[in-house]
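*Asks:* coords please:
(one chain, ligands or ions: 1)
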Amino acid sequence: MSTIEIRNLHKTYKGKRRNQVRALTDLNLTVEQGEVFGFLGPNGAGKSTTIKILTGQIAPTKGLALINGVPVTNPSARSSLGYLPENPAFYQFLTAEEYLFFVGRIQQMDASAIRAAAQRVLGLLELDHAARRPIKGYSKGMVQRLGLAQALLHDPDLLIFDEPMSGLDPVGRALVKKIIKQLKQEGKTVFFSTHITTDVEEVCDRVAVLVNGRLQALEAVDTLLQKGIEGYRIFGRMPGAEASQRLVSPSELKTTLENLLQTDFQVERIEPVRQNLEDFFLATIKDSPNADR
Ligand SMILES: Nc1ncnc2c1ncn2[C@@H]1O[C@H](COP(=O)(O)OP(=O)(O)OP(=O)(O)O)[C@@H](O)[C@H]1O
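*Replies:* Residues are numbered from 1 along each chain as shown. Below you'll find the predicted structure:
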């Protein structure tokens, strides 16, 4: 059974004066246990809409979403779910410690479990120094990190993060990526939306690209990077000579190496020259027939 299953999902928002917005059209995808899954798409692609459906906040117009086989309309689907919304907002007058206590109570944790878990997540998100300060004095990055802390508090098996790196500086982004990798090592499933391709490239097993509410691509990140290989750079030197390098196409690699082995050229290393995920993402959006952002 898949951890997340999305079947033929459609969502149309009804605007004023019959202005309808079609946010999702026939979306199908599954996320398996232990996967880190990147949900990539430009602004307005339908990422938050999908996440709001998965977390039971809005209903789809048509189709079905399941968590561990349970329809998301059933609250028990969310029993082991940690969720970070796109723009987390908190009671400004509470301290982080107080807020986490409030969240822990909602998760039906007892006081001593909340205290231990709060200490753990505040440490993980590097907020321990500010734990007793009112949230109103927090920077944007601290608010985002508190959003992640509350999602992790009850140690859920599935994490759904809507743009987890949003508003974070490079140090904060690196910290969140490290946490996502740790979650994977613990066997957790992570589904997160973003429009930043490097975040996906560094931490995700698979990526789905959504454009104007339609799934345009769904691939393993490794496969994508492998597919994007445009050539190889061979580094080496002739005895006593300066180091040199040459660029060959994938089809030329074998013969070039065979020819080099007939000479005294010493091959020092071979590096693939490839498109990155950003190139793939931009090409996917460009090729999309309905890219009218
Ligand atoms: N409550 C709503 N009422 C009407 N239209 C909406 C509503 N929420 C979202 N939309 C529209 O649905 C489409 C998808 O929006 P959504 O927020 O899901 O995209 P997104 O991929 O999360 O975008 P972003 O990266 O900018 O957050 C957009 O055209 C948006 O304007």
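*Asks:* how about the residues of the stretch 101-250 of the chain near the ligand?
*Replies:* Contact residues, the stretch 101-250 of the chain versus the ligand (CB under 6 Å from any ligand atom): residue 195. Every residue, glycine included, has its C-beta placed from N, CA and C.
*Asks:* got the confidence number for the residue of the stretch 101-250 of the chain found nearest the ligand?
*Replies:* For the stretch 101-250 of the chain, the residue closest to the ligand is residue 195, as judged by CB to the nearest ligand atom, at 5.7 Å. Note on residue 195: pLDDT of 87.
*Asks:* so it touches residue 40, yeah?
*Replies:* Yes. In this structure, residue 195 is within contact of residue 40 by CB atoms under 8 Å, at 6.6 Å.
*Asks:* tell me which of these two has more neighbours.
*Replies:* residue 40 (27 against 16; other CB atoms under 10 Å).
*Asks:* break down this structure into its strands, ranges please.
*Replies:* 4-14, 20-31, 36-40, 62-67, 70-71, 81-84, 158-162, 189-194, 206-211, 214-220, 229-237, 244-248, 266-274 (DSSP state E).
*Asks:* what's the domain layout of the protein?
*Replies:* Per the TED database, the structural domains of the chain span 2-219, 226-287.
*Asks:* hey, least reliable of those domains by pLDDT?
*Replies:* Among these, domain 226-287 scores lowest, at a mean of 88.
*Asks:* got the end-to-end distance for that domain?
*Replies:* End-to-end distance of domain 226-287 (CA to CA, to the nearest Å): 20 Å.
*Asks:* cool, stretch 268-280 as well?
*Replies:* Using CA to CA, the two ends of stretch 268-280 sit 30 Å apart.
*Asks:* for that stretch, which outside residues touch it?
*Replies:* Stretch 268-280 is contacted from outside by 197-198, 200-201, 207, 217, 221, 224-225, 228-237, 243, 247, 253, using CB atoms under 8 Å, 6 or more residues apart in numbering.
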